[in-house]
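Predicted model, plus sequence, below.
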Amino acid sequence: MNLFFSPQTKKLQKLSWQLRQDLIDMSYYAGHIHIGGSLSALDLILSVYLSDIFNFSQNKRMRSPPVVDASKRTDDNFILSPGHTCPALYVVLAYLKYFSKVELKNYNKMGSILQGHVSKDVPGVLYSSGSLGQGLSFASGLALADKLDKKSRYTICLTSDGEHQEGQIWEALMFANKYKLNKLINIVDCNKYQINGSTQDIMPLDDLAAKYIHFGWTVKEVNGHDFNQITKMLKLAKQSDRPVCIIAHTTFGKGISFMQYDYNFHSLDRLTDFQYKKAQKEIKNHLK
């Protein structure tokens, strides 16, 4: 347990709970949301965007539309591979004013830019997700293009542990190792659950760190809800001469007692009144 919390860490901790409230609001008012994985991934996305380790200033200033011309963009790249956890990305982007927070109320509605899988139509988003396991390949391509163009930009990809049941993930690992993509960072949201159970029961990953090492990657492991650990490892990742995997051990449904470790909250139609009030109370207790 960390006994010292920097001012930045304290800010991120408070913001994490505030944005969890936004996610719960989306779960109640919009519904049809993948809430369990969004809650586990939130702190990782927050760390990437708000720790001042990476550059995400350009699109924030331009608001909409995002700069998609690679020759004109100066920001680092962020790729969300498990696109169903996009609500976590949406609340962060809304906080950073890539788009109005009002848009969160339109989540998953007809005509809304914020759909159930993230799309590059959303300001600040580069990658439209679909089938699981593809994001790391896309991120590897971006990293290779930047390397060939001698750009100093970093590409950060967020994948899920369940995605590692897809063969394309392992093809991307080989590709990144072959081309020595040292500015590619893959953060694995290791929450140990997927749509119909635990990853251990469905398809065990066993020692994931050892697998990455055998594929030629530098590997770090962190508590995915400890901002001190996450930001420290992100800084170290920028010093590697190889692609880096950060295995973040997270809690499925983090912060909401009745959601934690319950795969039934992988996908949720809508919170009941009782669930919504209980979740609100738990979040408010952390914000006191």
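Sure thing, it's come through.

In the chain, where is pLDDT below threshold?
Across the chain, the ranges flagged by pLDDT under 70 are 1-6, 58-71.

burial measure for Lys235, as a count.
Around Lys235 there are 11 other residues, counting by other C-beta atoms under 10 Å. For glycine as for every other residue, the C-beta is placed from the backbone atoms N, C-alpha and C.

Please give me every residue in contact with it.
Listed by C-beta atoms under 8 Å, 6 or more residues apart in numbering, the contact set of Lys235 reads Ile53.

Show me how far the helix or strand containing it is from its chain's centre.
If you go by DSSP states H and E, Lys235 is part of helix 227-237. Remark: helix 227-237 is offset 15 Å from the chain centroid, using C-alpha atoms, centre = their mean, to the nearest Å.

Give the next helix or strand downstream of that helix.
strand 244-249.

Partner strands of that following strand, with direction?
strand 184-190 (parallel), strand 218-223 (parallel) (DSSP bridges).

and the top helix by length along the chain, which residues are buried?
Criterion DSSP state H: the longest helix present in the chain is helix 7-29. By neighbour count on 16 or more other C-beta atoms under 10 Å, the buried set for helix 7-29 is 9, 12-13, 15-17, 19-28.

With just CA atoms, put stretch 253-270 into CSV.
Presented in CSV, the C-alpha positions along stretch 253-270 are these (Å, rounded to 0.1, in the frame of the first residue of the first chain):
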residue,chain,number,x,y,z
GLY,A,253,-17.1,-3.3,-11.5
LYS,A,254,-14.7,-1.3,-9.4
GLY,A,255,-16.2,0.9,-6.7
ILE,A,256,-19.8,-0.4,-6.8
SER,A,257,-20.1,-3.2,-4.2
PHE,A,258,-22.9,-5.2,-5.9
MET,A,259,-21.2,-5.1,-9.3
GLN,A,260,-17.7,-6.1,-8.2
TYR,A,261,-16.7,-9.6,-9.3
ASP,A,262,-20.2,-10.3,-10.8
TYR,A,263,-20.0,-11.0,-14.5
ASN,A,264,-23.7,-10.4,-14.8
PHE,A,265,-22.7,-6.7,-14.9
HIS,A,266,-20.6,-7.2,-18.0
SER,A,267,-23.5,-5.9,-20.0
LEU,A,268,-26.4,-4.1,-18.4
ASP,A,269,-29.8,-3.1,-19.7
ARG,A,270,-30.5,-0.5,-17.1
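
And for it, what's in contact with it?
Outside of stretch 253-270, the residues within contact range by C-beta under 8 Å, 6+ apart are 17, 20, 24, 27-28, 31-37, 39-40, 42-43, 84, 193-198, 225, 251-252, 275, 278-279, 282-283, 286.

Just the buried residues out of those, in ChimeraX syntax.
Buried residues among those (16+ other C-beta under 10 Å), as a ChimeraX selection:
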select :17,20,24,27,28,33,34,35,36,37,39,40,42,43,84,193,194,198,225,251,252,275,278,279,282,283
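
In helices, which of the contacts of stretch 253-270 fall?
Going by DSSP H, the helices hold 17, 20, 24, 27-28, 35-37, 39-40, 42-43, 275, 278-279, 282-283, 286 from these.

just so I have it, where are all the helices in the stretch 51-200 of the chain?
For the stretch 51-200 of the chain, applying DSSP state H, counting those that start in this stretch gives helices covering 58-62, 86-95, 135-148, 167-178, 199-202.
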